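Enquirer: only the shape, not the letters, is given here:
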């Protein structure tokens, strides 16, 4: 019922505009003008949304680049092996993003500590590398 009233109202509004415009051509010009304005609004919105997307894209890339370009310093610390820990678990816990994978970190820890294999004894002290953005004297 409401839809019917809306359609009747649109039709009557159009008829009034048609009569007041004086001709079908005037009404067609008005519709073309409205369509032209709608297209302008859509183009402007597309340009704005594209600009916002590009802005966010480059801002995110700059932030990632800033993180990558921050200098990091390599340090070493000593830890005591706890019950049930292995070279693998210690490497997983202490590895930083500077290493491509756990195996690379494990290899370095084994080399520093002159380990053959991955067996560690409870209470054993080993030296592990770590990275920090803080420069320590």
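Expert: Noted; the coordinates are in hand. Fair warning: this is a prediction, and the values are worked out from it, not measured in the lab.
Enquirer: which other helices and strands does the helix or strand hosting residue 48 contact?
Expert: Per DSSP states H and E: residue 48 is located in helix 24-69. Packing partners of helix 24-69 (3 or more C-beta pairs under 8 Å, 6 or more residues apart in numbering; DSSP states H and E): helix 2-21. C-beta here means a position set from N, CA and C on the backbone, and glycine is covered the same way.
Enquirer: how does this structure divide up, domain by domain?
Expert: By the assignment in automatic domain parsing, the chain contains the domains 2-65, 71-132.
Enquirer: endpoints of the last one, how far apart?
Expert: Between the start and the finish of domain 71-132 there is a gap of 9 Å, counting by C-alpha to C-alpha, to the nearest Å.
Enquirer: tell me the mean pLDDT for that domain?
Expert: In this model, domain 71-132 has a mean pLDDT of 92.
Enquirer: and what of the longest one?
Expert: Over the span of domain 2-65, the pLDDT mean works out to 75.
Enquirer: what's the burial count for residue 85?
Expert: When neighbours are counted by other C-beta atoms under 10 Å, residue 85 registers 16.
Enquirer: would you say it is within a helix?
Expert: No: using DSSP: H, G, I helix; E, B strand; the rest coil, the assignment for residue 85 is coil, not a helix.
Enquirer: residue 99 is in contact with residue 92, correct?
Expert: No: counting by C-beta atoms under 8 Å, residue 92 does not reach residue 99; the two are 11.1 Å apart.
Enquirer: and residue 107, how close does it get to residue 52?
Expert: 46 Å (C-beta to C-beta, to the nearest Å).
Enquirer: comparing the two, which shows the higher neighbour count?
Expert: Ranked by neighbour count (other C-beta under 10 Å), residue 107 and residue 52 place residue 107 first, with 14 against 10.
Enquirer: which strands or helices does the host helix or strand of the more buried one pack on?
Expert: Using DSSP H and E, residue 107 falls within helix 102-112. Counting contacts by 3+ C-beta pairs under 8 Å, 6+ apart, helix 102-112 is packed against helix 87-94, strand 125-132.
Enquirer: to residue 41, which of these lies closest?
Expert: For the helices and strands packed on helix 102-112, proximity to residue 41 was assessed by C-beta to C-beta; strand 125-132 is nearest, at 52.3 Å.
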